[in-house]
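1. Need a 3D model of the following:
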Amino acid sequence: MGDGYTVARITRNGEKFEILVKPEPALDFTMGRAVPLSKILVAETVYTDANKGTKAAEDKLKTAFSTLNTTEIAEIILRKGTLQLTSNQRRKLTEEKRKQIIAFITRQAVDPKTNLPHPPLRIEKAMEEVKYSIDPFKSTEEQAKEIIKLLRPVLPIKMEQIKVEIWISTEYAAKAYGTIKGYGTIKREEWRPDGSWRSTVEMPAGLYGPFLDKIGNLTKGSAEVKII
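-> Just a heads-up that it's a prediction; the model follows:
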């Protein structure tokens, strides 16, 4: 494919169908952004082999898509088929996914020797050592859990959830509530008669340190927090 276009394809009833599309707007569309098909399609033609310029027969289109409307067929191919990425797109998406995975592992996992999260750079270097091939379209959480298993022989690491008991004074309770929800799951809570708030929150062990810093700043050090 040339620099200005790539292929999206789908297989139906054993037949392959392809369309020529502009790489960036096509990728935006497949990732859920609202992009008009007119800005995506290079040509309003459905092929069985776009490289050879072989057009799909009308009877095969009708059987596979129940329509001959090229725009409708193109939308089906883009939504349910596969987009051939350019090398630059794949490199960019893979790097973004890599950063997401490292961030996930930093939040969710800890060093069992210290119960503190590993620094992102340490995780990144360990990932390079195990040579895991990142899939830009596979979920971050699924790949992170696979990578953690592979990292264990080269890096002491474990995923752990902890329960934290929290007390926030009246002055900061309402303000802190939304922040606390962002760090974990509230298992129990109680608004006291004086307006203060006590709760038990379950969170990834790797978030405990950043959580302490955040709540300390938010409540000017007045909050009471402990692992239970």
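
2. Ala64 is in contact with Gly14, isn't it?
-> No. Here Ala64 lies out of contact with Gly14, judged by CB atoms under 8 Å, at a distance of 9.6 Å. Backbone N, C-alpha and C define where each C-beta goes, glycine included.

3. more crowded one of those two?
-> Shown here are Ala64 and Gly14; by other CB atoms under 10 Å, Ala64 has more neighbours (19 against 6).

4. The more buried one and Trp197, how far apart?
-> Distance, Ala64 to Trp197, by CB to CB, to the nearest Å: 58 Å.

5. what does Lys181 give?
-> Distance from Lys181 to Trp197, by CB to CB: 12 Å.

6. Tell me which of the two has more neighbours.
-> Taking neighbours as other CB under 10 Å, Lys181 and Trp197 compare with Trp197 leading, 20 against 12.

7. Report the contact partners of that one.
-> Neighbouring residues of Trp197 by CB atoms under 8 Å, 6 or more residues apart in numbering: 166-168, 173, 176-177, 189-191.

8. Can you pick out the most distant pair from the residues you listed?
-> Ala176 and Glu190 (14.5 Å; CB to CB).

9. what about the two, which has more around it?
-> Legend: neighbour count by other CB under 10 Å for Ala176 and Glu190, higher for Ala176 (20 against 10).

10. Can you verify Thr48 is assigned to a helix?
-> No. Counting by DSSP: H, G, I helix; E, B strand; the rest coil, Thr48 is not found in a helix; it is strand.

11. ok, it touching Glu15?
-> Yes. Contact status for Thr48 versus Glu15: in contact at 6.8 Å, counting by CB under 8 Å.

12. Contact partners for the closest residue to Arg122 other than its chain neighbours?
-> Excluding the flanking residues, the one nearest Arg122 by CB to CB, 6 or more residues apart in numbering is Leu155, at 7.2 Å. For Leu155, the contacting residues are 118, 122-123, 126, by CB under 8 Å, 6+ apart.

13. Doesn't Leu155 lie inside a strand?
-> No. Leu155 is assigned coil when assessed by three-state DSSP, not a strand.

14. ok, and the helix or strand in the protein with the lowest average confidence?
-> Within the chain, no helix or strand scores below strand 158-159, which has a mean of 85 by mean pLDDT, DSSP states H and E.

15. Which strands and helices lie in contact with that strand?
-> Strand 158-159 is packed against strand 109-110, with contacts defined by 3 or more CB pairs under 8 Å, 6 or more residues apart in numbering; DSSP states H and E.

16. Right, I'll call it a day here.
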